[in-house]
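> Structure here, sequence nowhere to be found:
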């Protein structure tokens, strides 16, 4: 990487530095290579460390860099294509599907925003199923699926109190319902400590939060809040309005 002084640049320094760094990543670094430390980079480019951090954070958000616990900042591989959306009348990730792996199921109170979507009493515990999504051997998403007891009334006979067995049982009962449709929203967020650990990210790292509400004839049957790594996933909307995640060089239509 060559030295570039930015004192005379009119645009924000960190933005110009981001462009310079991006070009250097293409020409001077290989995927997985560790970048020099912040002090050395800041001195090399003649900028304050705060400016450098802004540029690095932007590159991380764009998927060019990854910050890995105990390793440092590395050059990220190309984003992978991951099917996020399903057909309107299909549940995402079947009970035995390979994409989503059930981890646990507990009874707990849902966050206020989820309670409002479910239309349940804030004090009423709901089933909370946790699943992890793997692709190409890497965990790319962590999901919390909130399910009111009224959606799975026949669970009382199931012996397993928690764990993956319980999670599969809850999902099996849920999927017996006739799905009428779903709606979905996507927003940028920050990784919570639990999600960060499972996704091999640092707490506070940028993530994509996909919230899905599932409808049956009786109303909202479940709400999913899935946290995707922003450095490995790129979301777009196809012509049909279905949510897609694309490879950098080849968009992939979503399938269930």
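Received the coordinates, thanks. Please read all numbers here as calculations on a predicted model, not as lab measurements. Numbering: from 1, shown residues only.
> Tell me which residues touch the nearest residue to residue 69 once chain neighbours are set aside, please.
Leaving aside its sequence neighbours, residue 69 sits nearest to residue 202 (CB to CB, 6 or more residues apart in numbering; 6.3 Å). Every C-beta, even on glycine, is put in place using the N, C-alpha and C of the backbone. For residue 202, the contact set (CB atoms under 8 Å, 6 or more residues apart in numbering) comprises 67, 69, 191, 196.
> What residues sit buried inside the strand or helix carrying residue 186?
Using DSSP states H and E, residue 186 maps to strand 181-190. For strand 181-190, the buried set under the neighbour-count rule, 16 or more other CB atoms under 10 Å, comprises 182, 184, 186, 189-190.
> Tell me the helices and strands packed up against whichever helix or strand comes after it.
Counting by DSSP H and E, the next helix or strand C-terminal to strand 181-190 is helix 193-198. Counting by 3 or more CB pairs under 8 Å, 6 or more residues apart in numbering; DSSP states H and E, the packing neighbours recorded for helix 193-198 are strand 138-147.
> Now do the strand it packs on, average pLDDT.
Across strand 138-147, the average pLDDT comes to 91.
> do the same with stretch 52-62
86.
> Tell me the buried residues in that stretch?
Buried residues in stretch 52-62, counting neighbours by 16+ other CB under 10 Å, are found at 52, 54-60, 62.
> ok so, going back, buried ones from the contacts of residue 202, can you make that a ChimeraX selection?
Command for ChimeraX, covering only those of the contacts of residue 202 found buried under the criterion 16+ other CB under 10 Å:
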select :67,191,196
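> In JSON lines, list the contacts of residue 202 along with pLDDT.
Formatted as JSON lines, the contacts of residue 202 follow (pLDDT from 0 to 100):
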{"residue": "67", "pLDDT": "80"}
{"residue": "69", "pLDDT": "73"}
{"residue": "191", "pLDDT": "85"}
{"residue": "196", "pLDDT": "86"}
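> from the contacts of residue 202, which is closest to residue 26?
Distance to residue 26, by CB to CB, is smallest for residue 67 among those, at 19.4 Å.
> Touching, the closest one and residue 61? I think so.
No. Taking contacts as CB atoms under 8 Å, residue 67 lies outside contact range of residue 61: 11.2 Å.
> Now the helix or strand hosting residue 17: average pLDDT?
Here residue 17 sits within helix 13-28, counting by DSSP H and E. Averaging pLDDT along helix 13-28 gives 86.
> which sections of the protein are below the confidence cut-off?
1-11, 79-90, 92-98, 156-160, 234-256 (pLDDT under 70).
> ranges for the strands of it?
Remark: strands assigned in the chain by DSSP state E are 65-68, 72-75, 100-108, 126-135, 138-147, 181-190, 206-216, 219-229, 235-237, 243-245.
> So which bits of the fourth one are buried?
Neighbour-count burial for strand 126-135, counted by 16+ other CB under 10 Å, picks out 126-133, 135.
> Which pair in those residues has the greatest spatial separation?
So, the buried residues of strand 126-135 by CB to CB: farthest apart are 126 and 135, at 28.2 Å.
> nearest to residue 39, of the strands of the chain?
Closest to residue 39 of the strands of the chain is strand 72-75 (CB to CB; 12.5 Å).
> now the residue most central in space within the chain: how far from residue 140?
Of all residues in the chain, the one closest to the mean position by CA atoms, centre = their mean is residue 228, 0.8 Å from it. Distance from residue 228 to residue 140, counting by CB to CB, to the nearest Å: 6 Å.
> And for residue 175?
Separation of residue 175 from residue 140 (CB to CB) stands at 23 Å.
> These two: which is more packed in?
Higher neighbour count among residue 175 and residue 140: residue 140, with 23 against 15, using other CB atoms under 10 Å.
> Perfect, that will be all.
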